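> The sequence isn't on hand, but the structure is:
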């Protein structure tokens, strides 16, 4: 069925997707999974510093934690948020080209995502990003008429300075004292005991207590909303240039900036981490500000370098097979993201068939677990997307957005190659 006879408000079909965006989204999801599992499993969330340092694998855990910080932490969610901004602009252009009521559709879509996020945040996973995307998505919607250059400048400012400035303001106002309530050893051990007891209600109560103080009372939520808006704006601005939608036409640009972005970003990040590790708790406030700014600049540079590298591989001939498995994971990103949260809970707690690993293992153990989970998701997503047009969560989201359930079985047209 062609676009001109489709309903104006029909959801996007598989033939209309951009495969490179699915690959980038799938790649980002591996980083999100790894960062979330390592972050929640380590101190000060589900283990104390003393417990981590007492593990027999402590030296190798420290090395792998350093690598996660260097290559993954913040880079994965930067890329994920950036792609949300790209997707927003692509969706807007498609719907408006059909004469569809973009505003009403997107308001429903974003509102539903926000509700999904709140349910996820308070009912399962303290590191939820969906409510953030919902909140920032409204800002993006109502500022979409900004001139491209203004969107770029505001996006860059928020991309780099939004989160650190927000956190410094919160600290100056005394909001960050809330951290002491949830990150002292007694609070950590209480969450850990609930995890080991395998009691879902106690586990959720502990997570919700952490969310109330760490996320809301500390002012951290506001800082992260600014962080996300900056990434949304940059994604929307890139989509306005058409660089990803027509990536094959811009390969010289991606080739030119790949080494510059990756090398400068990794050098900045590496230096910042080495300074932090070698100065310890005695570091001056000025040095802390320096390393924070270094990380704030390094993160988007590295994420942009990843984009350039994956685009070049995607448009090449010899290595495309390496990144193709990311595509089906990215096509059902919401389903896979939510599934990851369930699996992280089962890994850290004794709920149901859970492993109860919180406080008992370190980063060196979590990384192969993350790789195994992602590999399973890649295989499952591949076979699911061969038979179905949407992931389960995506199908529900689209059904609620459009008020009509789309056919979930893959239609013959969906077998056409992605554009």
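All right, it came through fine. Just so it is clear, the model here is predicted, and its values are computed rather than measured.
> count of residues packed around residue 69?
Neighbourhood size, residue 69 [other C-beta atoms under 10 Å]: 21. For the C-beta atoms, the positions are set from N, CA and C on the backbone; glycine is no exception.
> Residue 273 is in contact with that one, correct?
Yes. If you go by C-beta atoms under 8 Å, residue 69 and residue 273 touch, sitting 5.8 Å apart.
> quick one, what contacts residue 58?
By C-beta atoms under 8 Å, 6 or more residues apart in numbering, residue 58 lies in contact with 52, 362.
> now do the one 4 residues further on
For residue 62, the contacting residues are residue 363, taking C-beta under 8 Å, 6+ apart as the criterion.
> now do 7 Å
Contacts for residue 62 (C-beta atoms under 7 Å, 6 or more residues apart in numbering) come out as none.
> and what of the one 5 residues further on?
Contact partners of residue 67, counting by C-beta under 7 Å, 6+ apart, are absent.
> tell me which element it falls in.
Remark: residue 67 resides in helix 58-71, with elements defined by DSSP states H and E.
> buried stuff in that helix?
Residues of helix 58-71 classed as buried: 61, 62, 64, 65, 68, 69, 70 (neighbour count, 16 or more other C-beta atoms under 10 Å).
> export those residues to JSON lines and tack on pLDDT and distance to residue 178?
Formatted as JSON lines, the buried residues of helix 58-71 follow (pLDDT from 0 to 100; distance: C-beta to C-beta, whole Å):
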{"residue": "61", "pLDDT": "97", "distance to residue 178": "28"}
{"residue": "62", "pLDDT": "96", "distance to residue 178": "28"}
{"residue": "64", "pLDDT": "97", "distance to residue 178": "30"}
{"residue": "65", "pLDDT": "97", "distance to residue 178": "25"}
{"residue": "68", "pLDDT": "98", "distance to residue 178": "26"}
{"residue": "69", "pLDDT": "97", "distance to residue 178": "24"}
{"residue": "70", "pLDDT": "97", "distance to residue 178": "29"}
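> which among these gets closest to residue 307?
residue 70 (17.8 Å; C-beta to C-beta).
> For residue 289, see how far away the nearest residue to that closest one once chain neighbours are set aside is.
Counting by C-beta to C-beta, 6 or more residues apart in numbering, the nearest residue to residue 70 once its immediate chain neighbours are dropped is residue 269, at 5.6 Å. Distance, residue 269 to residue 289, using C-beta to C-beta, to the nearest Å: 16 Å.
> Over to residue 90?
Taking C-beta to C-beta, one finds residue 90 at 38 Å from residue 289.
> Distance check, residue 239 against residue 166.
26 Å.
> Tell me, how many residues neighbour residue 52?
By other C-beta under 10 Å, neighbour count at residue 52 equals 21.
> more crowded one of residue 269 and residue 289?
residue 269 (24 against 12).
> before we move on, the earlier item: show me which of residue 239 and residue 166 is the more surrounded one.
residue 239 (24 against 20).
> Am I right that the more buried one is in a helix?
Yes. Judged by DSSP: H, G, I helix; E, B strand; the rest coil, residue 239 forms part of a helix.
> mind listing what's buried in stretch 253-272?
Neighbour counts over stretch 253-272 (16+ other C-beta under 10 Å) mark 254, 258, 261, 262, 265, 266, 268, 269, 272 as buried.
> distance between the one helix or strand residue 384 maps to and the chain's centre?
For residue 384, the host element (DSSP H and E) is helix 363-387. Mean-position distance between helix 363-387 and its chain equals 16 Å (C-alpha atoms, centre = their mean, to the nearest Å).
> what element comes up after that helix heading to the C-terminus?
Next helix or strand after helix 363-387 toward the C-terminus (DSSP H and E): helix 392-402.
> list the helices and strands that following helix packs on?
helix 102-123, helix 333-348 (3 or more C-beta pairs under 7 Å, 6 or more residues apart in numbering; DSSP states H and E).
> Now mean pLDDT, distance to residue 56 and mean neighbour count too, for those, in JSON lines please.
Shown next, in JSON lines, are these (pLDDT from 0 to 100; distance: least, C-beta to C-beta, whole Å; neighbours: other C-beta atoms under 10 Å):
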{"stretch": "helix 102-123", "mean pLDDT": "96", "distance to residue 56": "35", "mean neighbour count": "17"}
{"stretch": "helix 333-348", "mean pLDDT": "98", "distance to residue 56": "19", "mean neighbour count": "21"}
